[in-house]
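A.B. asks: what follows is a protein structure lacking sequence information:
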């Protein structure tokens, strides 16, 4: 590689003041633009500010330069290279050998959040030096040992640093079981009953069925479990026994799942009503003559049953009438990828940004919102709302076009997948009626509350035992990870990776932030109108 000229070195040195490598605790935004969903695979790549460690897309590079005064950027540009048939076959074999073994998302042994890739990435990096408006940028291909040591150290540290999106990721979720508060002092009746260790001897005390049997750890009653979502399972006699005994004995263990490592324990108590852990299980089983250390597993655990149903579920796009849905793309038809537990949030955002008032507030003035954003745009709600809104309403996904996503080439020559589409027309926007907006938000919350009481299939854009996404879906969807991290910050549930079962709370969280931001907007606009009179 030829050496770098003294003129270029001088300009690099001029921008070095204040440079320092990111520490372990710093956030490096090298995966996605602060103001859009542009990333290293986008046609223009991603530019990472060497001082703030914030990444921006091609269209926002000048804005970042003006706001930060920085002139040195690490330019990341990745190009997709289709895999060979041999590589695809090897990948398929690995995928087949790694079927889900536990109820988890994005974790080892669980469901994958993303489909297997059909391409590899050819990554290139360069140092870009800005010289001011209307002047040509200087580009230094990397690696370049002639650059100053400090610059090299900063670049190396940024490349090696965990990206902020991964630092804040909550995609890896596993079913969490908590210790039952009833386990320590669990009453156990002295009925003289002893349970046979032979599964052939087990049957429901009430109905005589022999499948899905649960032993009440307090009374020794063997009852049938509740019916599963698919109609299989039991008849609910174990629950009826709990209710018939005054709801005093809540803990039951599933027979057939007992091993030296543990078993499935469920609590019927109203303040738990979930799978739980019993630290004293061996003692509780011994009371009924069961030696936990000698037991072998003969039935599927509840997690295994749920995995089976998830894998077998047909995640096809069907309407209620059974007709196949037509895939839509472009402005107004952009999808939000499930982050593992963001189904409710995604639904709320899709509904809210279908309102003209939201487009008027966050999409049309997006450039002004970005210009006035604080030094940390990822912590600014209006900025993140504008970012999501522009993607949903105008179709700006930052992805390579569908042909590229399918493996036809790289992002260098590509254009935005939705460039040829006409943005949604919001020119008929009127002054916002706050009461109307509150009513519409309330309707969204009511819909979410109704969904809480219905069996809803999980958002399956990337989940479902190996279901593959299409090139169009990938090019026409975005991951609202930064938005989720912001609105969930500090919340005991929504800041975690646990599955969310309360759509109403999520709707309240998002709508509450919107109402605050929207009210602020109305006040500012009213003051401006009075000033202009």
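C.D. replies: Looks like it came in fine. Model, not experiment: these values are computed from the prediction.

A.B. asks: where are the low-confidence patches of the protein?
C.D. replies: 1-2, 96-116, 166-175, 228-232, 306-327, 340-341, 400-471, 490-533 (pLDDT under 70).

A.B. asks: one more time with 50, if that's ok
C.D. replies: 1, 170-172, 313-321, 404-434, 436-438, 440-441, 444-445, 447-469, 501-504, 520-533 (pLDDT under 50).

A.B. asks: ok, residue 182 touching residue 248?
C.D. replies: No. The criterion here is Cβ atoms under 8 Å, and residue 182 misses it with residue 248 at 9.8 Å. Any C-beta I mention is one placed from the backbone N, CA and C, and that applies to glycine too.

A.B. asks: of those two, who's got more company?
C.D. replies: residue 182 (21 against 11; other Cβ atoms under 10 Å).

A.B. asks: so who does the more buried one touch?
C.D. replies: 250-251, 267, 269, 272 (Cβ atoms under 8 Å, 6 or more residues apart in numbering).

A.B. asks: so which strand or helix has it?
C.D. replies: Assigned by DSSP states H and E, residue 182 falls within no helix or strand.

A.B. asks: quickly note the distance from it to residue 296.
C.D. replies: The spacing between residue 182 and residue 296, counted by Cβ to Cβ, to the nearest Å, is 27 Å.

A.B. asks: could you do residue 233 as well?
C.D. replies: For residue 233 relative to residue 296 (Cβ to Cβ), the value is 22 Å.

A.B. asks: okay, the two: which has more neighbours?
C.D. replies: Set side by side, residue 233 and residue 296 show more neighbours around residue 233, with 15 against 10, by other Cβ under 10 Å.

A.B. asks: correct me, but that one touches residue 226?
C.D. replies: Yes. Residue 233 lies in contact with residue 226 (Cβ under 8 Å); the separation is 6.2 Å.

A.B. asks: could you find the closest non-adjacent residue to residue 163?
C.D. replies: In this structure, residue 163 finds its nearest non-sequential neighbour in residue 31, 4.1 Å apart by Cβ to Cβ, 6 or more residues apart in numbering.

A.B. asks: which residues are in contact with that neighbour?
C.D. replies: Counted by Cβ under 8 Å, 6+ apart, residue 31 has contacts 39-40, 46, 55, 163-166.

A.B. asks: farthest pair within those residues?
C.D. replies: 46 and 166 (15.0 Å; Cβ to Cβ).

A.B. asks: buried residues, stretch 348-360. List them.
C.D. replies: 348-349, 351-353, 355-360 (16 or more other Cβ atoms under 10 Å).

A.B. asks: err, stretch 245-264, not the other one
C.D. replies: So for stretch 245-264, counting by 16+ other Cβ under 10 Å, buried means 249-258, 262-264.

A.B. asks: one step back: dump the buried residues of stretch 348-360 to a markdown table, plus distance to residue 120 and secondary structure.
C.D. replies: Formatted as a markdown table, those follow (distance: Cβ to Cβ, whole Å; DSSP: H, G, I helix; E, B strand; the rest coil):
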| residue | distance to residue 120 | secondary structure |
| --- | --- | --- |
| 348 | 36 | helix |
| 349 | 32 | helix |
| 351 | 38 | helix |
| 352 | 38 | helix |
| 353 | 35 | coil |
| 355 | 42 | coil |
| 356 | 43 | helix |
| 357 | 44 | helix |
| 358 | 39 | helix |
| 359 | 38 | helix |
| 360 | 43 | helix |
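
A.B. asks: closest to residue 93 out of those?
C.D. replies: Of the buried residues of stretch 348-360, the one sitting nearest to residue 93 (Cβ to Cβ) turns out to be residue 349, at 38.0 Å.

A.B. asks: surely the closest one is in contact with residue 384?
C.D. replies: No. The pair residue 349 / residue 384 is not scored as a contact, 10.7 Å apart, by Cβ under 8 Å.

A.B. asks: and for those two, which residues touch both?
C.D. replies: Shared contacts of residue 349 and residue 384, counting by Cβ under 8 Å, 6+ apart, come down to residue 483.

A.B. asks: next, count neighbours for residue 4.
C.D. replies: Count around residue 4 with other Cβ under 10 Å applied: 17.

A.B. asks: which strand or helix spans it?
C.D. replies: Per DSSP H and E, there is no helix or strand for residue 4.

A.B. asks: how about the one 5 residues further on?
C.D. replies: Using DSSP H and E, residue 9 sits in helix 6-14.

A.B. asks: repeat for residue 127
C.D. replies: Taking DSSP H and E as the criterion, residue 127 maps to strand 119-129.

A.B. asks: helices or strands up against that strand?
C.D. replies: Applying 3 or more Cβ pairs under 8 Å, 6 or more residues apart in numbering; DSSP states H and E, one finds that strand 119-129 contacts helix 6-14, strand 72-82, strand 138-141, helix 149-160.

A.B. asks: mind running it again at 10 Å?
C.D. replies: Here strand 119-129 touches helix 6-14, strand 46-49, strand 72-82, helix 85-97, strand 138-141, helix 149-160, going by 3 or more Cβ pairs under 10 Å, 6 or more residues apart in numbering; DSSP states H and E.

A.B. asks: tell me the strands beside it, with direction?
C.D. replies: strand 72-82 (antiparallel), strand 138-141 (antiparallel) (DSSP bridges).

A.B. asks: tell me the angle of that strand relative to helix 6-14?
C.D. replies: In terms of direction (axes from the mean of the first three to the mean of the last three Cα atoms, to 10 degrees), strand 119-129 departs from helix 6-14 by 90 degrees.

A.B. asks: quick check: buried residues in strand 119-129?
C.D. replies: 119, 125-129.

A.B. asks: residue 213 contacts residue 204, doesn't it?
C.D. replies: Yes. Using Cβ atoms under 10 Å, residue 213 makes contact with residue 204 at a distance of 6.2 Å.

A.B. asks: now list whatever residues contact both of the two.
C.D. replies: Shared contacts of residue 213 and residue 204 (Cβ atoms under 10 Å, 6 or more residues apart in numbering): 222-225, 234, 237-238.
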